[in-house]
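J.: with the sequence up front, the predicted model follows.
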Amino acid sequence: MTDSLLENNSAPAPETGTAPDHQTLTWDEGDMPYSQEFGDHFYCRTDGRLECGHVFLAGNRLPDRFADNAEFTIGELGFGTGLNFCETWRQFRETGVHGKLHFVSFERFPMRRADIDRALSHWPEIERERLALCTAWPDDPAGHVTLELAPNGRLTVVCGAALEQIGRFGETFDAWYLDGFAPSRNPDMWSAELMQLVHDHTRPGGTFATYAAAGFVRRNLQAAGFTVERRKGFAGKREMLCGAKVD
């Protein structure tokens with residue numbers, strides 16, 4: 001394949017545990033995945049792809065910043081269906097920049113290929129990215145899943161608890177997508193410890209964005225060292241948060 005995901009280089013599972021669990025899913029409206037474990041949908045029911053653009057890309061001043069770096073690295077908490085990755089990769093490619101993109105996502109419960117394909121089939125705009133991802137995605141992902149992108153990118157999905165895995169991960173990041181399940185349903189994904197790790201693995205001047213606007217999330221981000229800005233949320237949601245690591 002050209003201009004797509006080329007290889008599946010799946011690393012062994014981390015030393016500290018067995019292969020990660022898979023969530024129990026139900027489906028609303030045919031292709032909207034719902035997590036039974038967390039009692040929450042994987043993305044906004046209005047339009048998850050447009051939400052990604054409003055919250056994560058615009059909140060991190062993307063795609064404009066792609067041209068500023070020879071290699072731009074995005075960190076994500078919660079790979080889920082891969083929707084954020086597919087929409088980001090689509091926009092990155094459409095900019096035509098000559099730099100590289102490395103998209104790194106930390107996911108405790110990786111989804112199976114068929115479930116990813118079913119969820120992403122809702123959006124014809126990312127059909128090319130969906131087909132490439134689902135062709136390369138392993139049947140039972142575990143450890144580090146690394147997929148090489150043509151001509152100038154890479155996807156790494158680190159399977160396991162984010163609090164353990166980020167500390168071991170060698171890279172720092174230009175931007176973060178904080179996209180765990182709702183803070184009220186998955187508070188560990190928004191803890192002070194995890195937000196500090198995110199900050200510590202952010203390059204000076206790096207940014208974050210999240211749909212979440214809960215008070216304890218904002219305070220944890222500020223305590224970690226980020227400047228925090230409130231912005232209008234997506235599809236009637238009153239607020240979202242974004243910010244930066246001070247140089």
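T.: That came in fine, so what should we check first? Numbers count the residues shown, from 1 in each chain.

J.: so which residue is dead centre in this protein?
T.: The centroid of the chain falls nearest to Glu76 when counting by C-alpha atoms, centre = their mean (3.4 Å).

J.: which pLDDT value goes with that one?
T.: Glu76 is assigned 97 on the pLDDT scale.

J.: the one 10 residues further on now?
T.: According to the prediction, Cys86 has pLDDT 96.

J.: which SSE is it in?
T.: For Cys86, the enclosing helix or strand under DSSP states H and E is helix 83-95.

J.: which elements pack onto that helix?
T.: When contacts are defined as 3 or more C-beta pairs under 8 Å, 6 or more residues apart in numbering; DSSP states H and E, helix 83-95 sits against helix 48-52, strand 71-77, strand 100-107, helix 113-120, helix 127-136, strand 153-159. Where you see a C-beta, it was placed from the backbone N, CA and C, and this is true even at glycine.

J.: immediately after the first one, which helix or strand?
T.: The reference is to helix 48-52. Past helix 48-52, further along toward the C-terminus, the next helix or strand under DSSP H and E is helix 58-59.

J.: that older thread, dump the helices and strands packed on helix 83-95 into CSV; add distance to Val228 as well.
T.: Supplementary listing: the helices and strands packed on helix 83-95 in CSV, determined by distance: least, C-beta to C-beta, whole Å:
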stretch, distance to Val228
helix 48-52, 20
strand 71-77, 16
strand 100-107, 21
helix 113-120, 30
helix 127-136, 31
strand 153-159, 26
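
J.: so which of the ones you listed comes closest to Tyr177?
T.: Minimum separation from Tyr177 across the helices and strands packed on helix 83-95 (C-beta to C-beta) falls at strand 71-77, 4.2 Å.

J.: could you export the closest one as CSV, keeping only the C-alpha atoms?
T.: Coordinates of the C-alpha atoms in strand 71-77 are reproduced here as CSV (Å, rounded to 0.1, in the frame of the first residue of the first chain):
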residue,chain,number,x,y,z
GLU,A,71,9.0,15.8,13.7
PHE,A,72,5.8,16.4,15.5
THR,A,73,4.9,14.0,18.3
ILE,A,74,1.3,13.7,19.7
GLY,A,75,0.5,11.8,22.9
GLU,A,76,-3.0,10.5,23.6
LEU,A,77,-4.7,9.1,26.7
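
J.: may I see the buried residues of it?
T.: Phe72, Thr73, Ile74, Gly75, Glu76, Leu77 (16 or more other C-beta atoms under 10 Å).

J.: report the angle between the axes of the helix holding Cys86 and strand 71-77?
T.: Note on geometry: by axes from the mean of the first three to the mean of the last three C-alpha atoms, to 10 degrees, helix 83-95 and strand 71-77 are set 160 degrees apart in direction.

J.: okay then, goodbye and thanks.
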